[in-house]
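Engineer: Sequence and predicted model, in that order:
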Amino acid sequence: MRRRARLGLIVAATLVLMACATFQQNTYRTLYTAGTTYDTAMSTVSALQKANYINTDQRKEINNLANLFYVSYHASVDAFEAYKLSDTSSNKDKTIKAITVMLSKWRDLAAAVNRLRPGTLPPELEEVK
């Protein structure tokens, strides 16, 4: 089952990056969406804690998952920067892989928050236009 989920993530990331626009445009959009959604998510988590919907231990779990997402986001940015300096197929593949990992980390973070307060975060990152 995990293998199927990973394959789904790879396909989703590839489709996000290869759809209509160019690779660079799609990557910029994906990273923008990831960054803005993360900021909004963490503000929401803070509000949930202040309203006593989540406790300190739950917040620690969320913060750990948020940190994994945040690190993977920056790894995606770094991979994309390397691609922009040298647009080789290897660098493109590294960027796609980094974004795939980032999307996986988002799913983990969203699932943890949604277990505590269903429907709080989108399970998938959606493009912001």
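Structural biologist: On my side now, so go ahead. Everything numeric in this text was worked out from a predicted model, so none of it was measured.

Engineer: CA only for contacts and neighbour counts going forward, please
Structural biologist: Will do.

Engineer: Just give me the longest helix of this structure.
Structural biologist: helix 56-85 (DSSP state H).

Engineer: Name the residues of the following helix or strand past that one that are buried.
Structural biologist: Helices and strands here follow DSSP states H and E; after helix 56-85, the next one along the chain is helix 89-116. Using 16 or more other Cα atoms under 10 Å as the test for burial, helix 89-116 gives 91-92, 94-113.

Engineer: Please apply the same query to stretch 32-48.
Structural biologist: The neighbour-count check on stretch 32-48 (16+ other Cα under 10 Å) flags Thr33, Ala34, Thr37, Tyr38, Ala41, Val45, Leu48 as buried.

Engineer: And the average pLDDT for that stretch is what?
Structural biologist: Regarding stretch 32-48, the rounded mean pLDDT is 96.

Engineer: ok, now stretch 118-129?
Structural biologist: Stretch 118-129 shows a mean pLDDT of 81.

Engineer: Show me how far it is from its chain's centre.
Structural biologist: In terms of Cα atoms, centre = their mean, to the nearest Å, the centre of stretch 118-129 is found 10 Å from the chain centre.

Engineer: which outside residues touch that stretch?
Structural biologist: 29-30, 32-34, 37, 41, 103, 106-107, 110-111, 113-114 (Cα atoms under 8 Å, 6 or more residues apart in numbering).

Engineer: So Gly119 versus Ser89, what's the distance?
Structural biologist: Distance of Gly119 to Ser89, given as Cα to Cα, to the nearest Å: 38 Å.
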